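# show me the folded form of this:
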Amino acid sequence: MRRSIVLFFFIMTLFTFRAAVPALEREVTLTVQNEPISIVLIKIQEQTGVVFSYPSSLISSVSPVSVSVKQKTIREVLSLILPQSLYYKPKDNYIILKEKKTEKNPAKTELSGYVIDKSTNKKIANVTVYDKNTLKSTTTDDYGFYSLTVPAASNKISINKQDYKDTALILTGNNNALYTIGLDPLSDSIKTKNREWEKKLEQIEKFTEDFVKKFGAYINTLNVKDTLTRPFQVSLLPFIGTNHKLSGNIYNNFSFNVLGGYSKGNNAFELAGLFNINKEHVKGVQIGGLFNANGGKMTGVQIGGLFNAVGQETKGVQIAGLFNNNNGNSKGVAIAGLMNLTKDTTSGISIAGLFNRSRHLKNGIQIAGLYNDAESGSANVQIAGLFNKTKVLTGVQIATFNFADSASGVPIGFFSFVKKGVHQIEISADELFYTNLSFRTGANSFYNVFSGGIEPGKSEPMWHLGYGIGTSFGIIKKLRSDITVSTQHLCIGEFSFSTNDLYKFYWGLEYKFNRKLSVAAGATFNLLLTDLNDPENALKYQSRIPSGATELNDGGNNSVKWWPGARVAIRFL
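Just a heads-up that it's a prediction; the model follows:
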């Protein structure tokens, strides 16, 4: 009983395996000598479980068969025993034999066969077989089989597979022949070099490959290393167009993609309703309704409704509704609604609604609504609503906050910090406030001053908070001159929102003992503005200023008094 069960499961497993293998791919081991073809077909049926279907008259005139094969597919055996006047067609478990119609001058011919590894004799899947002239192509199936229709005049097809040597097949006139093609594996050293080529593909996967891999014909871009050219192409979607399944291996001059297209590159003009994807370089003009994604260089004008992505260098003009993303250098003009991103060097003009970011800026210009950020390099111009950051400032920065490592240019903003620039703490005294503490930060060309001071020795002392801007220039080695304009809000006792504002212009000299210690002194021009709507309050502040102050009538509700003054200071850091 147990043996019967084991035998039953063995037979069922064998049957299931046979059913899973396509009829023409089942293997046969057979030796016959001058046997009628009908007998040979029966023997094949007995070994494989397939059923041949044909009228007896179809094979009545076929000569006796002599053949010896070992572990060959039914397809291979039929190519040896059937005359050219017959052909076969599989349907489920059946193989139907039919008479072939003869054509005097056929326009096309069908090539078929297997691709094998020469070192192992094993059949290879996913091999690209193509005709360079017509761009017709196919790939081998899981059993290493291919079938390709080409013009009858074709005399050669190309065969490519990743990690194998490229080869070509010279065609003969035997229509029933199965062309078995052997490929030589590449040596390990050559495979290593090819891996470098594959890394180039990996560099652009972020923009193109993840999307294109979804198309079955993508395997051709890995297998075929030839670069083909065409004057123009039209496509509906990637691999559905005049360049067929080899579009990823072709450079076009003019390319028109109804929805989207994929090619190796473009040399003049490319237009798409939705998207353009190029594995390598693009020159000329490229316009995509949604986006453009190129793995190589972009030279020319690139316009994308949403974004542009370039894997290497960009030279020219980029315009995108949302963003431009460059993995290489950017030389030219980049304009985006949201952001421009450059992972290498920017040496042109970048304009964005939100921000520009670049790993290295080379005398570039960045203009953004929110911020500009350059990790290294030098900036000619950075203009932003919130902040700018660069390594070396050679031109102008304009933003609320500016940051730089060093600056020979001018950082203009509410707060600027230059690592190798001005950052001094100043203790000073003037005719109103005997104790002032200030922080100066920025560059000598333009710095910010944040200050506070108090009038000591009073029961109700006057104090201030202030902000100013200034510039400093050298006279001789240790002597410099400073010009500062500032405003100070004055309070007596508690903080007051009333108009009690002191505007001060200072021009003085600074003597530097060393890098971290200096003294300064200079003259000031002072202008006090108080609110006459509160006469008692105005009088209280006016009583604290020098008695020789001169009244100016501004013709309004404010009292304006001015006087000359002086300030002395000691500076640290």
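
# name the SS class of the nearest residue to L479 once chain neighbours are set aside, please.
Leaving out its chain neighbours, the residue that sits closest to L479 by C-beta to C-beta, 6 or more residues apart in numbering is Y511, at 5.7 Å. Heads up, the C-betas are built off the backbone N, CA and C, glycines and all. At Y511 the chain is in strand, as set by DSSP: H, G, I helix; E, B strand; the rest coil.

# look up the residues forming beta bridges with Y511.
Assessed by DSSP bridges, Y511 has beta-bridge partners L479, V519.

# residues contacting it?
Contacts of Y511 were listed using C-beta atoms under 8 Å, 6 or more residues apart in numbering, and they are K478, L479, S518, V519, A520.

# could you report the distance from E375 to N537?
As for E375, its distance to N537 is 52 Å (criterion: C-beta to C-beta, to the nearest Å).

# more neighbours: those two, which one.
With other C-beta atoms under 10 Å as the criterion, E375 and N537 differ in neighbour count, and N537 comes out ahead with 17 against 12.

# which SSE is the more buried one in?
Assignment of secondary structure by DSSP states H and E places N537 within helix 535-542.

# which parts of whichever helix or strand comes after that helix are buried?
Helices and strands here follow DSSP H and E; after helix 535-542, the next one along the chain is strand 550-553. For strand 550-553, the neighbour count (16 or more other C-beta atoms under 10 Å) marks no residue as buried.

# tell me which helix or strand comes right after strand 550-553.
Beyond strand 550-553 toward the C-terminal end (DSSP H and E), the next one is strand 558-572.

# other SSEs contacting that following strand?
If you count contacts as 3 or more C-beta pairs under 8 Å, 6 or more residues apart in numbering; DSSP states H and E, strand 558-572 packs onto strand 422-430, strand 435-443, strand 500-514, strand 517-531, helix 535-542, strand 550-553.

# same list, these, but as a markdown table with distance to F450 please.
A markdown table is the format used below for these (distance: least, C-beta to C-beta, whole Å):
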| stretch | distance to F450 |
| --- | --- |
| strand 422-430 | 10 |
| strand 435-443 | 5 |
| strand 500-514 | 14 |
| strand 517-531 | 17 |
| helix 535-542 | 22 |
| strand 550-553 | 28 |
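
# for I277, which of the ones you listed is the nearest?
When the helices and strands packed on strand 558-572 are ranked by distance to I277, counting by C-beta to C-beta, first place goes to strand 435-443 at 45.7 Å.

# contacts for that closest one next, please.
393, 402, 404, 407, 409-411, 415-418, 421-430, 447-454, 456, 470, 567, 569, 571.

# can you list the strands that it pairs with?
Using DSSP bridges, strand 435-443 pairs in its sheet with strand 422-430 (antiparallel), strand 446-454 (antiparallel).

# list the contacts of the first one.
For strand 422-430, the external contacting residues (C-beta under 8 Å, 6+ apart) are 417, 435-444, 447, 472, 518, 520, 524, 565-573.

# same thing with the last one?
Contacts of strand 446-454 with the rest of the structure, by C-beta under 8 Å, 6+ apart, involve 410-416, 421-422, 432-433, 435-442, 461-472, 484, 486, 488.

# dump that strand to CSV, restricted to CA.
Output of strand 446-454 as CSV, limited to C-alpha atoms (Å, rounded to 0.1, in the frame of the first residue of the first chain):
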residue,chain,number,x,y,z
PHE,A,446,29.9,95.8,6.4
TYR,A,447,29.2,94.8,10.0
ASN,A,448,26.2,94.8,12.4
VAL,A,449,26.3,96.3,15.9
PHE,A,450,24.1,95.1,18.7
SER,A,451,24.3,97.3,21.8
GLY,A,452,23.0,98.1,25.2
GLY,A,453,23.9,100.8,27.8
ILE,A,454,23.0,102.4,31.1
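
# that one: how far from the chain's middle?
A distance of 45 Å separates the C-alpha centroid of strand 446-454 from that of its chain, computed with C-alpha atoms, centre = their mean, to the nearest Å.

# cool, the first one as well?
Between the mean C-alpha point of strand 422-430 and the mean C-alpha point of its chain there is a distance of 48 Å (C-alpha atoms, centre = their mean).

# ok, stretch 52-69 next?
The mean C-alpha position of stretch 52-69 is separated from the chain mean by 61 Å, C-alpha atoms, centre = their mean.

# could you give the mean pLDDT of that stretch?
Taken as a whole, stretch 52-69 carries a mean pLDDT of 89.

# first vs last residue of that stretch, how far apart are they?
Using C-alpha to C-alpha, to the nearest Å, the end-to-end distance of stretch 52-69 comes out at 19 Å.

# for that stretch, which outside residues touch it?
Contact partners of stretch 52-69, identified using C-beta under 8 Å, 6+ apart, comprise 28-38, 40-41, 44-45, 76-77, 80-83, 86, 94-99.

# now, of these, which are buried?
A residue is treated as buried here by neighbour count (16+ other C-beta under 10 Å); on that basis the buried members of those are 28, 30, 32, 35, 37, 40-41, 44, 76-77, 81-82, 86, 95, 97.

# what helix or strand does G296 sit in?
Using DSSP H and E, G296 is not contained in any helix or strand.

# return the per-residue confidence for it.
In this model, G296 is scored at 88, pLDDT.

# numbering from 843 from now on, please.
Happy to do that; since the first residue is 843 now, the last one works out to G1138.

# just give me the neighbour total for L1028.
L1028 is surrounded by 17 other residues when neighbours are defined as other C-beta under 10 Å.

# ugh, wrong one, I meant A1194
27.

# list the contacts of it.
If you count contacts by C-beta under 8 Å, 6+ apart, A1194 has them with F1165, A1176, I1177, A1178, G1179, L1180, M1181, N1182, I1209, A1210, G1211.

# tell me the one among those residues nearest to I1001.
Taking C-beta to C-beta as the measure, F1165 is the one of these closest to I1001, at 41.7 Å.

# distance of the closest one from L1212?
Summarising the geometry, the distance separating F1165 from L1212, computed by C-beta to C-beta, is 13 Å.
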